[in-house]
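> just the structure for this:
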Amino acid sequence: MARNLILSGGLFHDFDATSAALAEVLAEVGVESEITDDIAGALSEPSEVQIITVNALRWQMDLDRFADQRERWRFRLPAEARTTILDHLDRGGGLLGMHAASICFDDWQGWPRVLGASWNWAKSHHPPLGWTGVRVAGDHPIVAGLRDFDVVDEVYSDLDVLPDVTPLATANGQPLIWARPVRRGRVVYDALGHDIRSYDNEVHRTLLQRAALWLLKRPVGVRE
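Numbering: from 1, shown residues only. Modelled structure (predicted):
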C-alpha cells in the first residue's frame, strides 16, 4: 500500500476533519495516510512516503490583522524541511497541495515554484463559503470523462499563478485544480476542500483519487 503523509493544522478551518476525510477518500484507492500537525518535525528527516500532502494553513502571519494570533500560530518552514520536500520530488515522489496550501510557507520563495501559485495578500481573496459550480476541462487523466459538479466550498481568486499552469478545473473563471511535473516528481494543487462537505461530492472524490494515482505514476481508471 502506498503511503501518504498529510501535513495538517492551522487557523480558520477544521483541519482535523478535512484531513481525516481526505485520508478516507484516498484509502479507497490503496493509499494509507498518516496525519500530523508537526510539520517541521515530520519534515526534519528524509521522507519515506510516496506522497506528501499539505492540508494546512501555516505561514508567517506578518499582517497586523493577525497580531493577536501570531504568537501561537506563526510558522516558518525550516531549511531541512524545504530540503526534504525537494529531495522527495527529486526521487520521483508526489506532492498534493489542498486548499490553503497556497497560503502556506510564505517565508520560502521556492514554494510557489513547487506548487504553481501563491496567495497574494494585496489582491487574493475568496467569496463567502457557499455553493459553486466547478467546470472540468481537458483530457488529463485526472479529469478525463468527468462531468462538471456543484460543491459547497470557497473559490480562491486572483492568486499569483505561474504562467506554465494549465487548469484542469475552474470556478468563476478562477483556476482551481492543476497537475504539473516538478523536478523528477509530480505535483497536484486542489484549491477546494475548505470543509468536509467538499469531500462528500462524488466527482470531487473521484478527482482526488485519480490525482493520487497520477502522483504515484499508476494507471488512472476512467470513472465518474
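> what about residue 43, how many residues nearby?
Under the neighbour criterion other C-beta atoms under 10 Å, residue 43 is assigned a count of 22. (C-beta placed from N, C-alpha, C; glycine too.)
> wait, doesn't it sit right on residue 81?
Yes - with contacts counted by C-beta atoms under 8 Å, residue 43 reaches residue 81, the gap being 3.6 Å.
> pull out the buried residues from whatever helix or strand residue 211 lives in.
Element membership of residue 211, judged by DSSP states H and E, is helix 202-215. Neighbour counts over helix 202-215 (16 or more other C-beta atoms under 10 Å) mark 203-215 as buried.
> cool, and stretch 165-185?
Buried residues in stretch 165-185, defined by neighbour count with 16+ other C-beta under 10 Å: 165, 167-171, 174-179, 182, 185.
> now do the lowest-mean-pLDDT helix or strand in the chain: everything it contacts.
Evaluated with mean pLDDT, DSSP states H and E, the helix-and-strand set of the chain has its lowest mean pLDDT in helix 67-73, which scores a mean of 74. If you take C-beta atoms under 8 Å, 6 or more residues apart in numbering as the criterion, helix 67-73 is touched by 10-11, 58, 61, 66.
> of those - the most surrounded one?
Neighbours here are counted as other C-beta under 10 Å. On that basis the top member of these is residue 58, with 26 neighbours.
> run a quick neighbour tally on the closest residue to that residue other than its chain neighbours.
With C-beta to C-beta, 6 or more residues apart in numbering as the criterion, residue 58 has its nearest non-adjacent residue at 3.9 Å, and that residue is residue 75. Applying other C-beta under 10 Å, we find 20 residues neighbouring residue 75.
> what sits against residue 75?
Listed by C-beta under 8 Å, 6+ apart, the contact partners of residue 75 are 39, 58-61.
> what's the most distant pair in those?
Pairwise distances among these were taken by C-beta to C-beta; the largest, 14.7 Å, belongs to 39 and 61.
> ok, back up a step: show the model's pLDDT score for the residue nearest to residue 58.
The confidence metric pLDDT takes the value 88 at residue 75.
> does it count as helix, strand or coil?
Reduced to three states with DSSP: H, G, I helix; E, B strand; the rest coil, the structure at residue 75 is coil.
> distance-wise, check it relative to residue 7.
With the distance defined as C-beta to C-beta, to the nearest Å, residue 75 ends up 11 Å from residue 7.
> quickly list what's touching both of those two.
residue 39.
> grab the nearest non-local neighbour of residue 112.
Setting aside the residues directly before and after it, residue 112 is nearest to residue 118 in space (C-beta to C-beta, 6+ apart), at 3.9 Å.
> reformat the buried residues of helix 202-215 as JSON lines; add distance to residue 100.
Formatted as JSON lines, those follow (distance: C-beta to C-beta, whole Å):
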{"residue": "203", "distance to residue 100": "22"}
{"residue": "204", "distance to residue 100": "16"}
{"residue": "205", "distance to residue 100": "20"}
{"residue": "206", "distance to residue 100": "22"}
{"residue": "207", "distance to residue 100": "18"}
{"residue": "208", "distance to residue 100": "16"}
{"residue": "209", "distance to residue 100": "21"}
{"residue": "210", "distance to residue 100": "22"}
{"residue": "211", "distance to residue 100": "17"}
{"residue": "212", "distance to residue 100": "19"}
{"residue": "213", "distance to residue 100": "24"}
{"residue": "214", "distance to residue 100": "22"}
{"residue": "215", "distance to residue 100": "19"}
